[in-house]
Structures are given as structure tokens and as C-alpha cells.
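*Asks:* Could you work out the structure for the sequence below:
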Amino acid sequence: MPSSLVAVFGRPRDTRGYENALRTLGVPCLVTLDPQEAGRATHLLLPGGGDIAPIFFGQTNRGSRNIDTELDILQFQALSLFMAQKKPVLGICKGLQLINVHLGGTLRQHIGTAAIHAWQDGDKRHRVYHCGLNRNDFFYQLYGASAFVNSAHHQAVERPGEDLIPVCRAADSVIEGVMHRTLPVIAVQWHPERIMDEGGSLLLHYFTRPASAW
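*Replies:* Numbers count the residues shown, from 1 in each chain. Below is the predicted model of the structure:
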């Protein structure tokens, strides 16, 4: 097995951009909806997508859309497996929200500043700012005090899940990046696979390091 094999856990019709980005870095990947098949990989990538069914974080639907409950369940299962095995996980956009909900956090189903963040004829672009208490988190290591990123979301973390530490926020205080306190689990609210030449490759390269390097 190669030193790193990334399981991109999503429907194949939605994962092409992630596959291409990983191949650009020379990192092999497999696309699957089977948690056990994903478990053969060394790393798990939870991609962007529609909104999570609000029942998973104890709310009724107040603006969530494009819900795929079957996919949610399978992604939660894969995430649970990788966290139990202490394997590296990267959440992207919806993937960040899945990690947050899995750890008992909640989401704002439609943020008041959605116009700044939501996809409309393309990604939005804005700056995010380091908000960690020290400089040892992945965001500061890769980008320093701030970074210019893309986004395509209308929801955001409301209450962070257990052991999740926010590492960067947008100017409107929306949490844009998190890391787990003890496990090799990181997540961002933007799409690094779509801005490879503008900082995205830094994050994906960091994530796909051999598990022994975490």
C-alpha cells in the first residue's frame, strides 16, 4: 500500500474535483460510499455537498436544502471509523459541518451574511483570519495570520463540537477552520481543491502527509 491513500467519501458524480486535485499532488485516492472499503485507506476526505439533515443536530428544518440523509449516515459511519483508528481526516465545506455535528456541535441553517459566502454563479472570495490561541495549529503553520479563500456555503458552525478548536474566522465571525484537540482531524469551510494555485495545494499536501507524520 502507498504511504498515503485517501478515501474520498462521496457520490462519484460529485467528487471529480477532489480526485483531480489529489492526482495533481501525486496522491492516490479511491472514491467510495462504503465505510468498510474506505477503512482500507490511510486518510479520509469528507467533501462538500448539500446540507446535513437537521435531525442529526436536534433541530427542525429552518432553511436546510439539498439534503441527502442516506449519504449523511454513511459519512458519519466512515468518520466514526477513522476517528476510532486515529487516522487523518480532512473535512471540506459540508465535511467541516459533518465533523462538527458528529462531535455534538450545532449549525446555523442559514447565516445572516450568506451573501458573502454562498455560491452564486461561482465561488465567493474573501479573507479569513487566524483566531487560535497559539501558532501551532495547521492554519497558522500554512497561512500565517490570514488567507484569501473561496466559499460556497450558506450554513456555518453555531456551537463547536466537543474537542473542536476554531483556528480561523471570516470578518463576520463565521468559523472557517477547525482542528481536533487530540486527533489528526482538521476541516475548512472553503474549497482548497478549487484554488490549488492560490493556497489550496498547501492544505491538501499538509493533509496527505503519511499518518506517521501527524
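
*Asks:* Can you find the helix or strand of the chain with the lowest average pLDDT?
*Replies:* None of the helices or strands of the chain scores lower by mean pLDDT, DSSP states H and E than helix 114-117, at a mean of 95.

*Asks:* List the buried residues in that helix.
*Replies:* Ala114, His117 (16 or more other CB atoms under 10 Å). C-beta: built from backbone N, CA, C; applies to glycine.

*Asks:* And stretch 66-83, by the same measure?
*Replies:* 67-68, 71-72, 74-79, 81-83.

*Asks:* How about stretch 105-124?
*Replies:* Applying 16+ other CB under 10 Å to stretch 105-124 flags Gly105, Thr106, Leu107, Arg108, Gln109, Ile111, Ala114, His117, Ala118, Asp123, Lys124 as buried.

*Asks:* ok, and what's touching it?
*Replies:* If you take CB atoms under 8 Å, 6 or more residues apart in numbering as the criterion, stretch 105-124 is touched by 51-52, 54, 57-59, 61-64, 97, 100-101, 126, 150-162, 164, 170, 172, 174, 189, 191, 194.

*Asks:* Cross those against helices and list the overlap.
*Replies:* Under the assignment DSSP state H, the contacts of stretch 105-124 contribute Gln97, Asn100, Val101 to helices.

*Asks:* Check the spacing between the first one and Val89 real quick.
*Replies:* Separation of Gln97 from Val89 (CB to CB, to the nearest Å): 13 Å.

*Asks:* quick one: Ala7 and Cys29 touch, right?
*Replies:* Yes. Ala7 sits in contact with Cys29 when judged by CB atoms under 8 Å, with a separation of 7.2 Å.

*Asks:* Between those two, which contacts overlap?
*Replies:* With CB under 8 Å, 6+ apart, Ala7 and Cys29 have common neighbours Ala41, Leu45.

*Asks:* Surely Ser151 is in contact with Pro192?
*Replies:* No. Between Ser151 and Pro192 there is no contact under CB under 8 Å: 11.3 Å.

*Asks:* CSV for the buried residues of stretch 66-83, including pLDDT and secondary structure?
*Replies:* Formatted as CSV, these follow (pLDDT from 0 to 100; DSSP: H, G, I helix; E, B strand; the rest coil):
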residue, pLDDT, secondary structure
Ile67, 98, coil
Asp68, 98, coil
Leu71, 98, helix
Asp72, 98, helix
Leu74, 98, helix
Gln75, 98, helix
Phe76, 98, helix
Gln77, 98, helix
Ala78, 98, helix
Leu79, 98, helix
Leu81, 98, helix
Phe82, 98, helix
Met83, 98, helix
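
*Asks:* gap between stretch 40-54 and the chain center?
*Replies:* Remark: stretch 40-54 is offset 7 Å from the chain centroid, using CA atoms, centre = their mean, to the nearest Å.

*Asks:* mean confidence score for that stretch?
*Replies:* The average pLDDT within stretch 40-54 is 98.

*Asks:* any low-confidence regions in the chain?
*Replies:* 1-2 (pLDDT under 70).
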